[in-house]
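In: What follows is a protein structure lacking sequence information:
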(Lines give C-alpha, C1' and ligand atoms only; values in the text may rest on other atoms or scores of the structure.)
Protein backbone atom coordinates (compact mmCIF):
# COMPACT_ATOMS: atom_id res chain seq x y z
CA UNK A 1 0.00 0.00 0.00
CA UNK A 2 1.29 3.47 -0.96
CA UNK A 3 1.44 6.23 1.61
CA UNK A 4 -1.01 9.03 0.80
CA UNK A 5 1.63 11.72 0.48
CA UNK A 6 3.53 9.97 -2.34
CA UNK A 7 2.33 10.61 -5.90
CA UNK A 8 0.99 7.56 -7.65
CA UNK A 9 2.34 6.62 -11.06
CA UNK A 10 0.17 7.91 -13.90
CA UNK A 11 0.54 4.85 -16.16
CA UNK A 12 1.07 1.30 -14.96
CA UNK A 13 0.94 -1.88 -16.99
CA UNK A 14 0.91 -5.59 -16.45
CA UNK A 15 0.79 -8.50 -18.84
CA UNK A 16 -0.14 -12.16 -18.73
CA UNK A 17 1.96 -13.98 -21.36
CA UNK A 18 -0.08 -17.18 -21.01
CA UNK A 19 -3.32 -15.52 -22.14
CA UNK A 20 -1.72 -12.78 -24.24
CA UNK A 21 -3.49 -10.09 -22.22
CA UNK A 22 -1.88 -6.74 -21.48
CA UNK A 23 -3.53 -4.11 -19.30
CA UNK A 24 -2.63 -0.45 -18.96
CA UNK A 25 -4.07 1.58 -16.09
CA UNK A 26 -4.03 5.35 -16.62
CA UNK A 27 -4.69 7.44 -13.52
CA UNK A 28 -4.83 11.20 -13.16
CA UNK A 29 -2.41 12.40 -10.52
CA UNK A 30 -4.16 14.60 -7.97
CA UNK A 31 -1.97 16.69 -5.70
CA UNK A 32 -4.22 16.39 -2.61
CA UNK A 33 -5.81 13.41 -0.95
CA UNK A 34 -9.30 13.71 0.55
CA UNK A 35 -7.82 13.83 4.06
CA UNK A 36 -5.46 16.64 3.12
CA UNK A 37 -8.26 18.56 1.37
CA UNK A 38 -10.49 18.26 4.44
CA UNK A 39 -7.63 19.56 6.59
CA UNK A 40 -7.12 22.54 4.28
CA UNK A 41 -10.86 23.31 4.33
CA UNK A 42 -10.98 23.05 8.12
CA UNK A 43 -7.94 25.33 8.58
CA UNK A 44 -9.27 27.91 6.10
CA UNK A 45 -12.73 27.74 7.70
CA UNK A 46 -11.28 28.46 11.15
CA UNK A 47 -9.14 31.29 9.79
CA UNK A 48 -12.08 32.83 7.91
CA UNK A 49 -14.27 32.52 11.01
CA UNK A 50 -11.70 34.39 13.10
CA UNK A 51 -11.49 37.18 10.54
CA UNK A 52 -15.27 37.41 10.12
CA UNK A 53 -15.68 37.35 13.92
CA UNK A 54 -13.27 40.27 14.23
CA UNK A 55 -15.27 42.30 11.72
CA UNK A 56 -18.51 41.31 13.46
CA UNK A 57 -17.03 42.57 16.73
CA UNK A 58 -16.36 45.91 15.05
CA UNK A 59 -20.00 46.11 14.02
CA UNK A 60 -19.42 45.09 10.40
CA UNK A 61 -21.74 42.07 10.60
CA UNK A 62 -22.32 41.93 6.80
CA UNK A 63 -18.85 40.39 6.39
CA UNK A 64 -19.99 37.18 8.16
CA UNK A 65 -22.46 35.84 5.53
CA UNK A 66 -20.09 36.73 2.68
CA UNK A 67 -17.30 34.89 4.43
CA UNK A 68 -19.56 31.84 4.76
CA UNK A 69 -20.52 31.97 1.08
CA UNK A 70 -16.86 32.33 0.13
CA UNK A 71 -16.00 29.21 2.16
CA UNK A 72 -18.86 27.24 0.53
CA UNK A 73 -17.64 28.21 -2.95
CA UNK A 74 -14.11 27.17 -2.00
CA UNK A 75 -15.40 23.82 -0.67
CA UNK A 76 -17.36 23.20 -3.88
CA UNK A 77 -14.35 24.05 -6.07
CA UNK A 78 -12.08 21.77 -4.05
CA UNK A 79 -14.61 18.94 -4.24
CA UNK A 80 -14.90 19.39 -8.02
CA UNK A 81 -11.11 19.34 -8.33
CA UNK A 82 -10.82 16.16 -6.23
CA UNK A 83 -13.53 14.48 -8.28
CA UNK A 84 -11.66 15.23 -11.50
CA UNK A 85 -8.41 13.93 -10.01
CA UNK A 86 -10.02 10.49 -9.59
CA UNK A 87 -10.31 9.89 -13.34
CA UNK A 88 -9.07 6.52 -14.47
CA UNK A 89 -8.85 4.60 -17.74
CA UNK A 90 -8.07 0.91 -18.17
CA UNK A 91 -6.94 -0.32 -21.60
CA UNK A 92 -7.05 -4.11 -21.93
CA UNK A 93 -5.52 -5.73 -25.00
CA UNK A 94 -6.16 -9.42 -25.60
CA UNK A 95 -5.56 -11.45 -28.79
CA UNK A 96 -9.01 -10.55 -30.19
CA UNK A 97 -10.15 -7.25 -28.63
CA UNK A 98 -9.01 -3.90 -27.30
CA UNK A 99 -11.25 -2.68 -24.48
CA UNK A 100 -11.12 0.82 -22.98
CA UNK A 101 -12.98 1.42 -19.71
CA UNK A 102 -13.10 4.82 -18.08
CA UNK A 103 -14.65 6.24 -14.97
CA UNK A 104 -13.93 7.45 -11.49
CA UNK A 105 -14.27 4.68 -8.92
CA UNK A 106 -15.76 2.13 -11.30
CA UNK A 107 -16.13 1.86 -15.08
CA UNK A 108 -18.68 4.40 -16.31
CA UNK A 109 -17.95 4.03 -20.04
CA UNK A 110 -16.78 1.05 -22.06
CA UNK A 111 -15.44 1.02 -25.63
CA UNK A 112 -14.58 -2.20 -27.44
CA UNK A 113 -12.62 -2.59 -30.67
CA UNK A 114 -11.51 -5.57 -32.74
CA UNK A 115 -7.75 -5.78 -32.34
CA UNK A 116 -7.11 -6.63 -35.99
CA UNK A 117 -8.77 -3.39 -37.14
CA UNK A 118 -7.80 -0.94 -34.44
CA UNK A 119 -5.58 2.00 -35.36
CA UNK A 120 -3.47 4.02 -32.96
CA UNK A 121 -3.12 7.65 -33.99
CA UNK A 122 -1.42 10.75 -32.63
CA UNK A 123 -3.41 13.84 -33.50
CA UNK A 124 -1.48 17.09 -33.55
CA UNK A 125 -3.16 20.08 -31.88
CA UNK A 126 -4.98 22.65 -33.99
CA UNK A 127 -3.26 25.51 -32.16
CA UNK A 128 0.36 25.86 -31.15
CA UNK A 129 0.90 25.38 -27.41
CA UNK A 130 -1.99 22.95 -26.95
CA UNK A 131 -1.35 19.26 -26.29
CA UNK A 132 -1.87 16.59 -28.94
CA UNK A 133 -4.31 13.69 -28.56
CA UNK A 134 -3.75 9.95 -28.54
CA UNK A 135 -6.64 8.14 -30.24
CA UNK A 136 -7.75 4.57 -30.80
CA UNK A 137 -9.89 4.26 -33.93
CA UNK A 138 -11.79 1.53 -35.71
CA UNK A 139 -14.88 1.33 -37.93
CA UNK A 140 -15.88 4.97 -37.45
CA UNK A 141 -15.48 4.91 -33.66
CA UNK A 142 -12.69 6.70 -31.86
CA UNK A 143 -11.63 7.13 -28.26
CA UNK A 144 -9.16 9.71 -26.95
CA UNK A 145 -6.85 8.14 -24.36
CA UNK A 146 -5.28 9.79 -21.33
CA UNK A 147 -6.48 13.35 -21.80
CA UNK A 148 -5.47 13.97 -18.17
CA UNK A 149 -1.88 12.76 -18.72
CA UNK A 150 1.04 15.04 -19.61
CA UNK A 151 1.87 14.93 -23.31
CA UNK A 152 5.21 13.18 -22.70
CA UNK A 153 3.46 10.31 -20.92
CA UNK A 154 0.86 10.04 -23.69
CA UNK A 155 3.66 9.74 -26.25
CA UNK A 156 5.32 6.99 -24.21
CA UNK A 157 1.96 5.24 -23.91
CA UNK A 158 1.52 5.49 -27.69
CA UNK A 159 4.89 3.80 -28.23
CA UNK A 160 4.02 0.96 -25.83
CA UNK A 161 0.53 0.47 -27.26
CA UNK A 162 1.92 0.55 -30.80
CA UNK A 163 4.53 -2.06 -29.96
CA UNK A 164 1.93 -4.38 -28.42
CA UNK A 165 -0.67 -3.91 -31.17
CA UNK A 166 1.90 -4.71 -33.88
CA UNK A 167 2.75 -8.05 -32.21
CA UNK A 168 -0.45 -9.84 -33.16
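Out: Arrived safely, thanks for sending. None of these values were measured; they are calculated from a predicted model.
In: For this structure, give me the ranges with low pLDDT.
Out: 1-9, 168 (pLDDT under 70).
In: Grab the longest helix from it for me.
Out: helix 34-57 (DSSP state H).
In: Helix or strand next in line after it, which one?
Out: On the C-terminal side of helix 34-57, the nearest following helix or strand under DSSP states H and E is helix 63-84.
In: That following helix - contacts with which helices or strands?
Out: Packing contacts for helix 63-84, counted by 3 or more Cβ pairs under 8 Å, 6 or more residues apart in numbering; DSSP states H and E, involve helix 34-57. Just so you know, the C-beta spots here come from the backbone N, C-alpha and C atoms, and that holds for glycine as well.
In: contacts for the helix it packs on?
Out: 4, 32, 61, 63-64, 67-68, 70-71, 74-75, 78, 82 (Cβ atoms under 8 Å, 6 or more residues apart in numbering).
In: Just the buried ones from these?
Out: The neighbour count (16 or more other Cβ atoms under 10 Å) marks 63, 64, 67, 71, 75, 78, 82 as buried among the contacts of helix 34-57.
In: Could you measure from the closest residue to the third one other than its chain neighbours over to residue 107?
Out: By the measure of Cβ to Cβ, 6 or more residues apart in numbering, the closest residue to residue 67 outside its immediate chain neighbours is residue 52, 3.9 Å from it. Noted for residue 52: a distance of 44 Å to residue 107, by Cβ to Cβ, to the nearest Å.
In: So for these two, which sits in the more crowded spot?
Out: Using other Cβ atoms under 10 Å as the criterion, residue 52 and residue 107 rank with residue 52 on top: 20 against 14.
In: Any figure for the gap between the more buried one and residue 42?
Out: From residue 52 to residue 42 the distance is 16 Å (Cβ to Cβ).
In: and what of residue 122?
Out: 44 Å.
In: neighbour count winner among those two?
Out: The residue with more neighbours, out of residue 122 and residue 42, is residue 122; 13 against 10, by other Cβ under 10 Å.
In: In the helix or strand hosting residue 135, which residues are buried?
Out: Residue 135 belongs to strand 133-138 when assigned by DSSP H and E. For strand 133-138, burial by neighbour count (16+ other Cβ under 10 Å) applies to 133, 134, 136, 138.
In: can you check stretch 38-49 too?
Out: The neighbour-count check on stretch 38-49 (16+ other Cβ under 10 Å) flags residue 48 as buried.
In: chain center to that stretch: distance?
Out: 26 Å (Cα atoms, centre = their mean, to the nearest Å).
In: Thought residue 14 was touching residue 91, still the case?
Out: No: under the criterion of Cβ atoms under 8 Å, residue 91 makes no contact with residue 14, lying 11.7 Å away.
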